[in-house]
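A.B. asks: pasting the sequence and the predicted coordinates here, then a few questions.
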Amino acid sequence: MAIRCFYAALVQILLCLMLCQPCYSTVTDIQCLKRLKASVDPNNKLHWTFDDNKEGSICSFNGVECWHPNENRILSLRLSSMDLKGQFPDGLENCSSMTSLDLSSNSLSGPIPVDISKRLPYITNLDLSYNSFSGEIPESLANCTYLNVVSLQNNKLTGAIPGQFAGLSRLTEFNVANNKLSGQIPSSLSKFSSSNFANQDLCGKPLSGDCTASSSSRTGVIAGSAVAGAVITLIIVGVILFIFLRKMPATKKEKDLEENKWAKSIKGAKGVKYQCLRNQFQR
C-alpha cells in the first residue's frame, strides 16, 4: 500500500513538473480560447472578450478555471450547455496545461479527432456526452494515460470500443451508453455498470449477452435474409417463365393456323388450274 502511495505521489510530482512552463503559456492559453470561441460559438454565448491580456484576465471567463487566479494557465474548461455548435473545437492543444474538458449537452458533431492524445496530453476528465459526435472512438484516446473519467454517452458513435483502453488503469468512470457501438466490451471495462454500455450491438461483460451467441444470431439473420432473397428471386423468375411459356403456344397456334390457311389457298388454286386443264383436254 505504501509503495502504491509513493508511486501515486511521484506521478503527481512529475505531472506538476511537466506542467510548470515558462510565462509564454499566457499567450498560448489565450490563443486556445480565441480559437475555441471562433470555431464553436457562433451565437456568442460564451461572452469572452480579449481586450485585456494581463495575467489572470481569462480566469474570470465563464467556464474557465485556472491553475492560479493571477496566471493565465488553464486548468479546466467547463462548457456544458453553452449552445456550442460545430465540430470538435480548434485550438485546444494550446491549452497545454489543461486537465479537464467538459463539452457536454451542446450541439457538437463530427468525429472525435484521431490525434486527441496530442491535443489533450494531460487530460484526466473528458466529458463529450449529449452531443452528436459520430464515427469511431479513436484508439489514440487510450494514449491519454492520465484519464480518470470518460463520458461519451448519448452521441452517434459507431464501431468497437478500442481494446487499447485496457491500458487506462486510472479509470474510475467510463460511459458510452446510447450510441451505435458494436462488438465485444474489453474485459478491463467490465467493472463498470452495465447501464454504461447500453448499445444494441455491444456484447460481453458486464452485459448479459454472450458475444458468441450474439454473433451466431447475427449470422443466422444474415443467412436467413440471403435464403429469403434467393427464394423470392426464384419465385419471380418462375412467374416470368410461366407467363412467357403460357403465351408461346397461343402464338405458335395462331402462326400454324395462318400457315394452314395459306397452304389450303395454294392447294385450292392448284386444284382449279388442274380442273381447267382437264376440261380443255376433254374438249
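C.D. replies: Cool, got the structure. Residues are numbered from 1 along each chain as shown.

A.B. asks: what sits against the closest residue to Ser57 other than its chain neighbours?
C.D. replies: On the basis of C-beta to C-beta, 6 or more residues apart in numbering, the spatially nearest residue to Ser57 that is not a chain neighbour turns out to be Asn72, at 6.6 Å. No exception for glycine: its C-beta is placed from N, CA and C like everyone else's. Contact analysis of Asn72 by C-beta atoms under 8 Å, 6 or more residues apart in numbering lists 25-26, 29-30, 53, 55-59, 66.

A.B. asks: same question for Asn143.
C.D. replies: Taking C-beta under 8 Å, 6+ apart as the criterion, Asn143 is in contact with 117, 164.

A.B. asks: for it, grab phi and psi.
C.D. replies: Dihedral angles phi and psi of Asn143 (degrees, to the nearest 10) take the values phi -80, psi -10.

A.B. asks: what kind of secondary structure is Glu65 in?
C.D. replies: At Glu65 the chain is in strand, as set by DSSP: H, G, I helix; E, B strand; the rest coil.

A.B. asks: on that earlier part again, nearest to Pro111, of the contacts of Asn72?
C.D. replies: Using C-beta to C-beta, Asp29 comes nearest to Pro111 of the contacts of Asn72, at 25.3 Å.

A.B. asks: can you give me the neighbour number for the closest one?
C.D. replies: If you count neighbours by other C-beta atoms under 10 Å, Asp29 ends up with 25.

A.B. asks: helix, strand or coil: sort out the residue nearest to Ser57 for me.
C.D. replies: strand.

A.B. asks: what's the separation between it and Asp90?
C.D. replies: 19 Å (C-beta to C-beta, to the nearest Å).
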